[in-house]
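Got a predicted structure here, sequence first:
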Amino acid sequence: MPFKLNIATKDGKTFKMETESEALIDRALGEVVEGSDISADFQGYELKIAGASDKAGLPARAEVPGTALKGLLLSYGKGMWESRPKGLRRRKTVRGKVISKDIVQINFVVVKQGGKSLSEIFPEQNKPKEVAVPAT
């Protein structure tokens with residue numbers, strides 16, 4: 001199953017791609033990955049794993065070891081987005097911090113820029129949005 005990657009830059013732009021790279025398996029949240037491990041286009045890049053979610057949409061949490069599912073008592077924040085009265089905590093299921101075959105989406109942050117900019121690597125995602133003008 002391919003991984004859906006979201007690569008965020010410091011200026012707030014996010015680029016999306018899919019890969020079947022086996023080099024991402026058994027990496028943990030917070031680790032820095034060489035860009036060439038993902039694709040040859042990312043030569044010279046260093047990417048930090050910022051987050052992930054599995055096929056059921058459950059988020060990976062850095063404080064949960066391994067790859068297993070675990071029920072945590074969470075307050076408002078990552079993994080719990082419902083509106084809340086003051087002091088509400090709920091038990092939510094989250095996934096461990098290690099990337100496995102069950103992970104579908106991985107979020108990266110660029111730590112070190114490579115030779116080519118991401119706009120050059122993803123030219124189709126760099127186009128300005130077209131505004132539809134109604135015909136009169």
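Great, that's in hand.

name the element the residue sitting nearest the centre point of the chain belongs to?
Nearest residue to the geometric centre of the chain (Cα atoms, centre = their mean): residue 107, 1.3 Å. Residue 107 is part of strand 103-112 when elements are defined by DSSP states H and E.

Output the contacting helices and strands for that strand.
Here strand 103-112 touches strand 3-8, strand 46-54, going by 3 or more Cβ pairs under 8 Å, 6 or more residues apart in numbering; DSSP states H and E. The C-beta positions use only the backbone N, C-alpha and C, and glycine is treated the same way.

can you list contacts of the next helix or strand after the last one?
Heading C-terminal from strand 46-54, the first helix or strand you meet, by DSSP H and E, is strand 69-74. For strand 69-74, the surrounding residues in contact (Cβ atoms under 8 Å, 6 or more residues apart in numbering) are 58, 61, 64, 79-80, 89-96.
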